[in-house]
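Enquirer: sharing a sequence plus its predicted fold:
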Amino acid sequence: MENTILIAAVIIGFALIVGFAGFGSAIGDGIIGSKAVESIARQPEARPNIFFFYLLGVGILEAFPIIGIALAFYLVLGFGGLGVLHGLLPLTQH
């Protein structure tokens, strides 16, 4: 019974981590993109510099979901040696 509750909590945690990482990244990409377009519209001569910093910001922003997904997979696959995937097997195969 305790394993079942723990496995359910880890799977819910996995879903929350992946969901929030994707949601936050999408919002951040939208904000950075809109501000870059706004800045280029105000100062077209500064386009190369603005575009460089736009790409730099998007690159840093995209690192967070990748780290979050790696953490989520660590929860599912590792989780302190519990092996959640091993716990998901039917009880007859243990």
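Expert: Structure received.
Enquirer: and the helices in this structure?
Expert: 2-42, 47-77, 84-87 (DSSP state H).
Enquirer: by mean pLDDT, show me the worst of those helices.
Expert: Among those, helix 84-87 has the lowest mean pLDDT, at a mean of 61.
Enquirer: what residues does the residue positioned nearest the centre of the chain make contact with?
Expert: For the chain, the residue nearest the mean C-alpha position is P65 (2.4 Å; CA atoms, centre = their mean). With contact set as CB atoms under 8 Å, 6 or more residues apart in numbering, P65 has these partners: 21-22, 24-25. Using the backbone N, CA and C atoms, a C-beta is placed for each residue, glycine as well.
Enquirer: what's the burial count for F64?
Expert: 13 (other CB atoms under 10 Å).
Enquirer: mind listing what the nearest residue to G13 once chain neighbours are set aside touches?
Expert: Nearest-residue entry for G13: L75, 5.7 Å, with adjacent residues in sequence omitted and distances by CB to CB, 6 or more residues apart in numbering. Shown in contact with L75 (CB under 8 Å, 6+ apart): 10, 13-14, 17, 84.
Enquirer: and the two most separated of the residues you listed?
Expert: I17 and V84 (13.7 Å; CB to CB).
Enquirer: can you give me the buried ones in stretch 37-57?
Expert: Residues of stretch 37-57 classed as buried: 39-40, 50, 54, 57 (neighbour count, 16 or more other CB atoms under 10 Å).
Enquirer: good, wrapping up.
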